[in-house]
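>>> Next one to model:
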Amino acid sequence: MGALVLWFLINKWAWPYIIKHHNLKLPIEMSKNKNLTILLGIIERGFYTTVLIMGAPNLIAVWLALKVVPKWNRWEGDERVTYNVFLIGNVISVAFGIIGAWIALGKFPKFSP
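Residues are numbered from 1 along each chain as shown. Here you go, the predicted structure:
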């Protein structure tokens, strides 16, 4: 479910909006490796769910730091908008990881009218 939501929000909404309104091109890694990016996102959401079930949420912070540090200098000036898309995608992925952990642990809030 997370892959579908992120695909729609990022590829069908955010990037077209950014390209149109900010005169930026789709990052080269996005245009060439879409399938790999989707696979990485699925694996990341599984990782987030797993570490939350294990009680080690700090590993999420370590992973996100490893993703950010190599590209830190790139996200300045006009490229800042790509950083915002990166942040949105990661927040949504972590949220799906949290929901997955809640479901797996049987702690998903029950909604009753």
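
>>> Name the residues that touch stretch 101-113?
48, 49, 52, 53, 99 (Cβ atoms under 8 Å, 6 or more residues apart in numbering). C-betas here are computed from N, CA, C, even on glycine.

>>> Next, format the residues you listed as JSON lines and append pLDDT and distance to residue 73.
Formatted as JSON lines, the entries for those read as follows, by pLDDT from 0 to 100; distance: Cβ to Cβ, whole Å:
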{"residue": "48", "pLDDT": "95", "distance to residue 73": "26"}
{"residue": "49", "pLDDT": "94", "distance to residue 73": "32"}
{"residue": "52", "pLDDT": "95", "distance to residue 73": "31"}
{"residue": "53", "pLDDT": "96", "distance to residue 73": "35"}
{"residue": "99", "pLDDT": "90", "distance to residue 73": "34"}
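
>>> If you rank every helix and strand of the chain by mean pLDDT, what lands last?
One helix or strand of the chain scores below all others by mean pLDDT, DSSP states H and E: helix 28-32, with a mean of 54.

>>> could you point out which element follows that one?
helix 34-54 (DSSP states H and E).

>>> For that following helix, report the contacting residues that lie outside it.
2-3, 6-7, 11, 29-30, 57, 59-60, 63, 89, 93-94, 96-98, 100-101, 104-105.
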